[in-house]
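[1] Provided below are the primary sequence and the corresponding predicted coordinates.
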Amino acid sequence: MPNEQTPISMAEPVGVTKPVRPYLRRLLLLGLIPLIAVAVAIGYWLHGARYVSTENAYVKTDIAKLAAEIDGRAVEVNAKAHMQVTKGQVLVRIDPEPFRLAVERARAELDSARQEVRTLAVTLKEAQTELQDAQDRALYFRKRFDRERQLIKRGVTSHARFDEMENDANAADDRVMMARQKIQRIQASLGIDPDAPVDDHPLVRTKMAALDQAKLDLERTAIKAPSDGVVVTVPLVPGEQIEAAEPLFAIVTDTPPWVDANFKETELTHVRVGQAATVVLDIYPNVTWQAEVESISPATGAEFAILPPQNASGNWVKVVQRLPVRLKLKPHADAPPLRAGMTATVKVDTKRERSIADLFDVFSAQAEMTESTR
């Protein structure tokens, strides 16, 4: 029989790797995809806890609300909405005439009080002189009465003369007592040493305080800007009546702004004062501000609500609370302007790194929780 030979086209080439069969490719894909997903999840879990972020953040700055310290009628309103003002600039002026008259009246009352004190001092010195004269006369009449008493014992004088001498001595003693009472009344009115300065008298000091208050009220007719800033809204017009402590308008001051970020309480476990942060404003998405955690609120926002939650009721539902965190913005070269109330996204770097051991602790805690619920 002739030898059978295999055709050259059917022979397998030497050194060529056989292609992976489709079922092996599928098996590899089914195994690799979960492994990659697990690796990515573990990597995110290990490194994702380092940063905490929130979009519940707003730019803040000091806002001064102006109010009058006295009642009166506005005669000048120099402030306008969105106007730049400087510290000490007069924005509103109240009619000063009633307060100028009050100053003149207080000054006149002070002069009258000083004159009254001077008069009392002079009267006191006169009363002291009168007392000395009365004491001298009383001593003279008392000595004369004593001599008359010795004479009546020896029968040298008459009883009528003795009675006259006794009446004169008693009358002199009464005048001494009246002079002393007058001095006491004057001293009570004067209140101080007559040689002391007039302005040390309580009455004068009271009138001086009244004059100072009148001058202060006159100065307060000019309502001035407390600091540099921008006026927000001015609803006031000349001629309106102003009441003390009634808010007139607000000024956004030029103090450096900051950011208040409201983080969930579960996100603040590792946030500390001094940690670095980044801030991106919604209005400037391509600009990043570097910041630093300046302070963390000691209470949640719910504690300051007008109607605080009643957690003792039967309808209680657990809600994760938020705590305000203040971020100090660092100087930014060529930074665009910031305005109060702008929204922002904040990211804080806690520098915290998780480990595989922490992952096992999480699994263990979950297992214990599941076991306890059975």
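    Arrived safely.
[2] which residues in the stretch 201-350 of the chain form helices?
    202-219 (DSSP state H, counting those that start in this stretch).
[3] how about low-confidence regions in the stretch 101-250 of the chain?
    Low-confidence segments of the stretch 101-250 of the chain (pLDDT under 70): 192.
[4] longest single helix anywhere in this structure?
    In the chain, with assignment by DSSP state H, the single longest helix is helix 97-154.
[5] got the angle for that helix vs helix 202-219?
    180 degrees (axes from the mean of the first three to the mean of the last three C-alpha atoms, to 10 degrees).
[6] so what secondary structure elements neighbour helix 97-154?
    Packing partners of helix 97-154 (3 or more C-beta pairs under 8 Å, 6 or more residues apart in numbering; DSSP states H and E): helix 159-190, helix 202-219. Heads up, the C-betas are built off the backbone N, CA and C, glycines and all.
[7] Would you tell me which of those helices gets closest to Asn311?
    Taking C-beta to C-beta, helix 202-219 is the member of these nearest to Asn311, at 49.5 Å.
[8] for that closest one, which positions count as buried?
    The neighbour-count check on helix 202-219 (16 or more other C-beta atoms under 10 Å) flags 203-204, 207-208, 210-211, 214-215, 217-218 as buried.
[9] Assign a three-state SS to Arg73, would you?
    Classification of Arg73 using DSSP: H, G, I helix; E, B strand; the rest coil returns strand.
[10] show me the contacts for it.
    Arg73 makes contacts with 94-95, 239-242, as judged by C-beta atoms under 8 Å, 6 or more residues apart in numbering.
[11] Test of understanding: give the bridge partners of it.
    For Arg73, the beta-bridge partners are Gln241 (DSSP bridges).
[12] how much space between it and Phe249?
    Arg73 is 17 Å from Phe249, where distance means C-beta to C-beta, to the nearest Å.
[13] Just the buried subset of the contacts of Arg73, please.
    Among the contacts of Arg73, those classed as buried by 16+ other C-beta under 10 Å are 94, 242.
[14] now the contacts of Arg73 as CSV including distance to Asp349?
    Formatted as CSV, these follow (distance: C-beta to C-beta, whole Å):
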residue, distance to Asp349
Ile94, 53
Asp95, 58
Gly239, 57
Glu240, 53
Gln241, 55
Ile242, 50
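[15] Name the helix or strand for Asp193, please.
    Counting by DSSP states H and E, no helix or strand carries Asp193.
[16] any idea how far Ala179 is from it?
    With C-beta to C-beta as the criterion, Asp193 and Ala179 are 19 Å apart.
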